[in-house]
Each structure stands twice: as structure tokens, then as C-alpha cells.
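A.B. asks: need the 3D shape of this:
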Amino acid sequence: MVKDENSSGEKPLELFLKIGLDERTAKNTIANNKVTANLTAVIQEAAVTDGCDRATGNLLYTVATKFPTNALVHRPTLLQYIVSSKIKTPAQLEAAFSFFSTTGSENFKINEFEETCGVGVDVSIEDIKCIVTEIFEEHKNAILEQRYRTNDSIVLRRSSGDLRRGSPKIPKPSTTSICSAQAPIRLYEPPIGLHKARSAQPGSDWTVRISICSAQAPISLYEPRFESLVCSIWLGVCSICVDFCPICSGKLPIFLRSAILPLGPIGDSYSLIGAWAEQIEVVGGLGTSGDPSPEVAVGLWSLLSLGELFGHVRKRQPWADPKIVKQLIDANLCALLGERTVADDEKPIKKKKEKPVKVEEPIAAVDAPPKPSEEELNPYSIFPSPEENYKVHTEIFFSDRPVLRACNSRETLEKHLKATKGKVFTRFPPEPNGYLHIGHAKAMFVDFGLAKDRGGFCYLRYDDTNPEAEKKEYIDHIEEIVRWMEWEPFKITYTSDYFQDLYELAVELIRRGHAYVDHQTPEEIKEYREKKMNSPWRDRPISESLKLFDEMKRGMVEEGKATLRMKQDMQSENFNMYDLIAYRIKASFTPHPHAGDKWCIYPSYDYAHCIVDSLENITHSLCTLEFETRRASYYWLLDALGLYQPYVWEYSRLNVTNTVMSKTQVESSCDRKVGIGITRSDCSLIRLDRLEFHIREELNKEAPRTMVVLHPLKVVITNLEAGSLMDLDAKKKPDAQIEDASSFYKVPFSNIVYIEHSDFRMKDSKDYYGLAPGKSVLLRYAFPIKCTDVILADDKETVLEVRAEYDPSKRTKPKGVLHWVAEPSPGVDPVKVEVRLFDRLFLSENPAELDDWLGDLNPESKVVIPSAYAVPSLKSAAVGERFQFERLGYFVVDKDSTPEKLVFNRTVTLRDTYGKSGK
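C.D. replies: Sure thing, here's the model as predicted:
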């Protein structure tokens, strides 16, 4: 939070005006809390609160917005060089930024710094003349050919249009794109530009707006970190503001903010100091008198621009005075080309390109797919290496002290790298107070996946800081699921393993004045936080807090009578900095599932999580987005204790439709034995049919085909001798090769087979491909059969048995193909299995929004078929094996299976609604 006044009591606006910022820039700067805080700190560090010249002020402003955050310890040194005019040009300042960005927070040699930044280098006019002369000789032919188009300028002249008062015909802004960057950037939308033009003085005022591109890609000057830069470009009446800034080609800087060039009489020409600008947009003032308003003509930089000439000079002599360089280039141009003529102002006639003869090319049948990005090929590519963990992690703004820029020192990082040998260490840290759900699958993919991708290690850490909610049952379940997901933990640890370390660090936190024992009730704590009020016990003596905390540990204080709270910032804009609780008492002495009954005080998540990350030397602490606001607390605590700071990165939760999302609803669902759901939504909702589509894609590659009949209907083949048996080959994969015996399995075929009840009807129809009286179907991998008779029950409706004849020659070509299972030997039933058909748990896509969400349960979400028939080859199926039951879906062998009876769970059906609707 940035206060309205600085430590000297002076308002930021007044302070910024004193260093030479124009009023518009200053006002826009204070609209950005971050830039205001930085610039105020820079002014105070430079000891120029009483003011300075405009050139120095512009350099200070650049320091406030661009100084490398990993080297803030050296910023005062750079400011002294600026104030003493040892560094006085933007080029020197950019060199300093580059130097400190590489140096970081380490010590450096002054002589190396000064040499890099050109301190004390005096480039004489004669030296500059020699360089400019050499460059003109080298490019003489190109300059003579292009003449003044080499040095095109902004030309202001009277308009021939009729723009008088009462007739506000605004000339269309002239816009020129002259950069090789990816796309032009508009600094202002036209309506805003015209509004600015209306505010100008009648008939003679001009504003030039320039949007720039960076060394890598165009920068939108409306991005938050550039808010003040946008306004610094707009410097009011009759001026063009220019200053050095990197360009896309890396050859020449563009000028912004360092010098003011007042526009002279209309008709004069003004070069933009060789700027590589992406757009130049000039708008004439709206006339309010009888005189017409001027019009703007904008020339194009040609192939060899003034910017390139200027760049050649800077490349050979980077510390040359740019003003002198500009004057000498202009003088040399005039001497070489003479005075500018009318012909120089004419647009060059474009030569029509001869159209090449069209050559007929064959049209590609399918367009080549776009090349996937690096992140798509490897989602872990976005994470930095452990060696890069010296940069600023986050900025923490306080109401009563300077901004904290949390980062590791080189010494701390080197100690960490020595312990880890430069390897990546992550952790999967579930709380053992419930069952894992689908959201944890993504967390495991991120945590274990990053470690595997980088050749590192991932801990399975149980975040067991609440003994009342934790059970051994959950601990065992979590480990089972992790291994079921085929992840192998580097180590299995518990937060409770570090209870002694956490306690000792809490004592140290009190000693450093960063924690206190508080006696407020939970209700009082909530009220004081809402009102941003300090606790009455916040400023109690350190010795008193140490004594009370010791008594808490020894069980001498009742539960609810005291907590240990971190002394953070109750006036912060981040509610996770409102003196969070570090320790609380559990007077019931509930035995801890892992630590036993040793402790009666337990650390909070906010206190323990980051410290254990540091103690385990975690390189990448990865968590979901709801923890993003806790970054400040995470790094504040590690900084307060002087501990190593991991790299924190947040990702969106995985949420799926047709499930409940809150933990309370999940627990309620489990208690009622209706299934499980997932965590709360954070705009990363995935449709269930999309998830099923990708599951099918994966299982289709690996799951072998087999045949199971869920609801058997007996079919007796009358023209096949009873007791006869044929072993037929059935494919495990659709593309199975005949010569590959492992791609097939044997299925018995006898005179008694079973088909699905749903595959038979008494009445046939055109759109029905199953079996019916007098109709033929093909039994997959076997023969065509034709229904010749039907045996009905006493009700004359229920079908008990079907009689059929088979075609051993296979000349019949029916359309319908059915799966089936046969008696493996005379009088012996096929293998009986139990099949559980799982479907979406809720009927609505977002049941959590319903008042009666339990009333939305899908009654068909689990259907158990106790006596399905399977082919004999399935008898040897092992727990966890996956199969595709032809025409039914993908199934897995459940752990409830026994040698006497296998149990199969359906993972997903074969229906592909997502694939049909589009990916």
C-alpha cells in the first residue's frame, strides 16, 4: 500500500514535479502504486528530495521503472553515479542495468562497472566527426540514391482543408508502420487522440505520439508496468519528447523523455533522432479561429534510415553525445546532398512487380497441422532451473515500511545447491484428513511429473498439522493411490517430523520481534481483521511472549485462551498478511496419528508449509491458484527467519462437470456412499465428456479386446452337432497381423452361445441391426446365424431362448455384427463375472449450485450385474488389468476380485459424444 505522503511529509506529486517530470506524467505515475513507491524510494536514496534538473530526473525515473530487481542492493550506488553526473546518458544507464542484471546481489569491482558504463570516457567532437565521416564514406552510394528519404522527418505544413470553428472536420490521423516487428501497436485509440487534439491551442499546436517495440516483441504500452511510460510520451503542447530505449533490431535506440525539442514555425522539419519507431501518429490541433488548422505529413524511413546511420555511430562509439551525432549527421547529409528539394518530399513511385507465371501446384489433401509450441511439447519447460533461484520471487508492499523484494542471496542459494547437487526437488503435500479426488491427479502430474522430467525427486509429504481430522486410514489410502497412479515418492515424510524444528523457529521468530502471543477469541480476531485493527497484545514485550509460548507448549494454558500470531501488517491490502496464526493449542491432547501425544500445540498450515518446504530444500513449490494470495505470507516468513526460499508457482485446479466440488460435499457423498467429487471451481472447469474422450484415446491404444455378455440370452444352433467344439481366433487389436500369434486369443464356439438380450427383438425394422425372427446377423470372429424359432415364457412375451442355424460357408453377408460367448464344453456355463457399470454421479453439470444437490444424484451412477458371461481367456486376468469389452466399453479388474469370481469396473463407455461435437 502506498501512502499519500512520503517520510518527509511531502506529497508524491510535488516530489515528482521537483525532479522535472511534467505534470501529466507525474499524475499518471501516482496512479500506479508500484511505480510511485519505487520512484519515491529512488528519490530518497538519491537524496534529491529538494529537486534536480530534468535530465537527472528522467534518469531517476528510468531507474525506478527498469532497475533489475535481483540487484536492488546496488541501486544506491548507481544513483550516486547519476546524481554526480558520472552517468548522464540513457546509453550509460542501459549499460548499468545490464551489468547489475548479471551481477545480481553479489559484490562487484568498481573499475569493471565504470568501464562497462563508460564512466569518465570523454568522446571529443573530433572523434565523432571522424566516425561519422567514415560511415558516410561507407554508405555514400546508398545515401546518394535515396537522398533525404534516408533522413525522412515529420513535416508540418498548413492544411488545404476547411477546419473552421463550427465545422469540426477532423483530419484522419496519419499512421506509419516502419518496424520489422510482428505487428504494429497503437498507443492511443483514435477517439482519444482526437480528444487530446481538441484540448490544444487554436491553429498551431502539435502532439507527436510514438509507440515503441522492445528487443524481442512489440510491447503494448497499456500494460500495467508501462502505465506511466504512456503518459511520459505525451508531453503537451509543441514538443516531441525523446529518449533512448532498446529497439527490435538491436542496432539503434529510440529516444523518449531525455530531451525536449520544441517545434518551430510550421513548415520546418524535425528528425526523430534516428528513432526506430513502430508507429508515428501525429494529429493537428482543431482550429477554433478563422485560420485553417495545419495538417501533418509523415515520411517513411527507407531501407537505409537515419536510425541505421545513428546506430553505426553508436556501435563504434557508444558514449558519443547523441545531440552532437545528430548535428554532424545532418551536416554531412546537407553537404553531400545539398538543400532538400520538392522532389525529396514526393512519395517514391512504386514499380509494379511483374506477376510471375502461375504454376499449377497440386492441392494438398490435408493442411499440415500447426507446429506445437515448446510448452505443448513439454509442459514443464516453463519452470526455471534451480540455479536461477536468485531472482526476486515477489514484492510485498507494507503500510509502514519499504517494499520487501523476496529473493535468495547467492550464499543461501549456493548452500542449497550444494545440498541438492543442483537437482530438482518437489513435493506432493496432501492433508491426511480425507480421500484423494480427481483434482489430486493433476497435482501429482505437476509435482511428480516435473521431478521426473528434470531427473529430480518428489517427496510425498503428509501435511498433518491437525490431529483431530487426520486418520491412519487416510494416510494408507493416499499412499495407495499415489502408487496406483504409478508415481514413486523419493521419500515419504510428515510435517510432524519437523515439529521440533518448527517450534524452535517459532521461538526465534518471537526473539526477532516477528511474533507474539495473543489472547483474542476467534470471533475477536475475525472482527479486528475486518476492521484492520491491531490486537491489544500485539506490542507486548518479547520476553513475555517467549514465557507464554513456553507455557503453551507445556500444557499450562487452556485451549482457546492463547495463540501465537505472526506480526505481519494489519493495514496491508492482502488479508493473508493480517497477523496469521502460527500456533494454536489442542488441550484435548488428541493423540497425533504420527507424532503420538508429545505435543499439545500444533503449527498452522500458513506457518508450517513454507518452513518445511525450505527445510526439505524444495526447489519448486507448486500449488493451486487459491494459494496465490498467500505468496506474500509465504515469503515474508522465510525472509523473517533468513531461510532458503523455494520458487513458488500456482496452477488452476482440475474441475470436472457432473461432480460436486466442495470438501464438505465430498465428505457427505462418501458418508452416504454415493461416490466422490472434486474441489471448488476456479474457472478451470473441464467437461466430463472431454475427459472421457481422452481416456478412450489412451485406453484404445493399450487395452486388448475381449468379449463379455452382460445380460445373456441363450441361442441354440440347431444345425451344429451338440457337443462339438471349435476354437476360433479373435483379435486383441483391430490391426492385429496374422503372423503375430500374440495379437490373438482363442474363443470356443459350440452349439450353445449367448448374446445380449438387447440384441434380439420379436419385430424387425430397417434401422435395427440385431437378431430377429427370420433375420441373420454375424457373430464376431465366427459365423453368420439366422433366427428360425423363439421360445417364449408363459406370459407369451418374455423370450427364454432363440433357435438358429449357422452358415459354415459364410456366404451370408448380414449387416449386423454381435458379440457373444459360448459354452466352453457341453453342459458347462461360460465364466461368470461381476460387472459394475459406473456413470456420471450427478445429472446436472454443476450440482453444487443446487439447494438440494443430493437430490440430483444419478440413480444409474452405479449398476451392478452379478452374473455376466465372459470368454475363458479372462479367467487369468489380474487386478488392475484393463480390457475393452467389445461394443460395451473399457473395463478394469477390481481389487474385490477373488479366484472364484472376477469383478470388472467400467472406466468409460465406447460412446464418444465429445469427439463428435468437436475437440
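A.B. asks: give me phi/psi at the residue lying closest to Asp639 once chain neighbours are set aside?
C.D. replies: The shortest distance from Asp639 to any non-neighbouring residue, by C-beta to C-beta, 6 or more residues apart in numbering, is to Ala406 (5.3 Å). All C-beta spots, glycine's among them, are computed from the backbone N, C-alpha and C. Main-chain torsions, Ala406, degrees, to the nearest 10: phi -70, psi 130.
A.B. asks: before we move on, what about the one 3 residues further on?
C.D. replies: In this entry, Ser409 is assigned phi and psi values of phi -80, psi 160 (degrees, to the nearest 10).
A.B. asks: pLDDT at it, what is it?
C.D. replies: At Ser409, the model reports a pLDDT of 91.
A.B. asks: next one: Lys813
C.D. replies: Lys813 carries a pLDDT value of 92.
A.B. asks: and it, how close does it get to Pro773?
C.D. replies: 20 Å (C-beta to C-beta, to the nearest Å).
A.B. asks: repeat for His312
C.D. replies: Counting by C-beta to C-beta - His312 and Pro773 are separated by 94 Å.
A.B. asks: of these two, who's got more company?
C.D. replies: Neighbour count, other C-beta atoms under 10 Å: between His312 and Pro773, His312 has more, with 20 against 16.
A.B. asks: just the element for the more buried one, please.
C.D. replies: helix 306-316 (DSSP states H and E).
A.B. asks: what packs against that helix?
C.D. replies: Packed against helix 306-316 by the contact rule (3 or more C-beta pairs under 8 Å, 6 or more residues apart in numbering; DSSP states H and E) you find helix 125-138, helix 322-337.
A.B. asks: of those, which shows the lowest average pLDDT?
C.D. replies: helix 322-337 (a mean of 82).
A.B. asks: which helices and strands does that helix pack with?
C.D. replies: helix 125-138, helix 140-146, helix 306-316.
A.B. asks: now the last one: mean pLDDT?
C.D. replies: Put plainly, it is helix 306-316. 76.
A.B. asks: count of neighbours near Asn141?
C.D. replies: 9.
A.B. asks: same thing with the one 4 residues further on?
C.D. replies: Other residues near Glu145 number 12, with proximity taken as other C-beta under 10 Å.
A.B. asks: circling back: make JSON lines from the helices and strands packed on helix 306-316 and add distance to Asn433 to it.
C.D. replies: Formatted as JSON lines, the helices and strands packed on helix 306-316 follow (distance: least, C-beta to C-beta, whole Å):
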{"stretch": "helix 125-138", "distance to Asn433": "73"}
{"stretch": "helix 322-337", "distance to Asn433": "66"}
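A.B. asks: mind checking which of these is nearest Gly555?
C.D. replies: Among the helices and strands packed on helix 306-316, the nearest to Gly555 by C-beta to C-beta is helix 322-337 (73.8 Å).
A.B. asks: that closest one to helix 125-138, inter-axis angle?
C.D. replies: With axes from the mean of the first three to the mean of the last three C-alpha atoms, to 10 degrees defining the directions, helix 322-337 sits at 40 degrees from helix 125-138.
A.B. asks: now helix 322-337: buried residues?
C.D. replies: 322, 324-326, 328-329, 332-333, 337 (16 or more other C-beta atoms under 10 Å).
A.B. asks: also stretch 536-555?
C.D. replies: For stretch 536-555, by 16+ other C-beta under 10 Å, it's 537, 545, 548-549, 552-553.
A.B. asks: now do the same end-to-end measure for that stretch.
C.D. replies: By C-alpha to C-alpha, to the nearest Å, the extent of stretch 536-555 from end to end equals 24 Å.
A.B. asks: what's the span of stretch 816-832, first residue to last?
C.D. replies: 26 Å.
A.B. asks: typo on my end, stretch 429-446
C.D. replies: 12 Å.
A.B. asks: same question for stretch 527-535.
C.D. replies: 10 Å.
A.B. asks: other residues contacting that stretch?
C.D. replies: 516, 518, 520, 525, 565, 570-571, 575, 578-579 (C-beta atoms under 8 Å, 6 or more residues apart in numbering).
A.B. asks: Asp729 and Ile738, how far apart?
C.D. replies: With C-beta to C-beta as the criterion, Asp729 and Ile738 are 9 Å apart.
A.B. asks: compare neighbour counts for those two and give me the winner.
C.D. replies: Asp729 (13 against 9).
A.B. asks: quick one: contacts for the more buried one?
C.D. replies: If you count contacts by C-beta under 8 Å, 6+ apart, Asp729 has them with 744-747, 781.
A.B. asks: residues near Glu886, how many?
C.D. replies: By other C-beta under 10 Å, neighbour count at Glu886 equals 19.
A.B. asks: excluding sequence neighbours, find me the nearest residue to it.
C.D. replies: His819 (4.6 Å).
A.B. asks: if I look at the one you found, how far off is Ser743?
C.D. replies: 18 Å.
A.B. asks: between the helices and strands packed on helix 306-316, which one is nearest to Glu106?
C.D. replies: Nearest to Glu106, of the helices and strands packed on helix 306-316 and by C-beta to C-beta, is helix 322-337 at 32.1 Å.
A.B. asks: all strands of the stretch 301-450 of the chain, in order?
C.D. replies: Per DSSP state E, counting those that start in this stretch, the stretch 301-450 of the chain carries strands over the ranges 394-396, 404-406, 425-428.
A.B. asks: any idea which of the ones you listed is most buried?
C.D. replies: Burial of the strands of the stretch 301-450 of the chain is given as mean neighbour count (mean count of other C-beta atoms under 10 Å); strand 425-428 ranks first at a mean of 25.
A.B. asks: helices or strands next to it in the packing?
C.D. replies: Strand 425-428 packs on helix 438-453, strand 457-462, strand 620-624, going by 3+ C-beta pairs under 8 Å, 6+ apart.
A.B. asks: ok so, going back, closest to Asp597 out of the buried residues of helix 322-337?
C.D. replies: Nearest to Asp597 among these: Pro322, at 75.3 Å, using C-beta to C-beta.
A.B. asks: the closest one and Gln92 touch, don't they?
C.D. replies: No. Counting by C-beta atoms under 8 Å, Pro322 sits too far from Gln92 to count as a contact (11.4 Å).
A.B. asks: quick check: Ile110 vs Leu72, distance?
C.D. replies: Applying C-beta to C-beta to Ile110 and Leu72 gives a distance of 18 Å.
A.B. asks: er, Tyr869 actually
C.D. replies: From Tyr869 to Leu72 the distance is 74 Å (C-beta to C-beta).
A.B. asks: do the same with Val656
C.D. replies: In terms of C-beta to C-beta, Val656 sits 44 Å off from Leu72.
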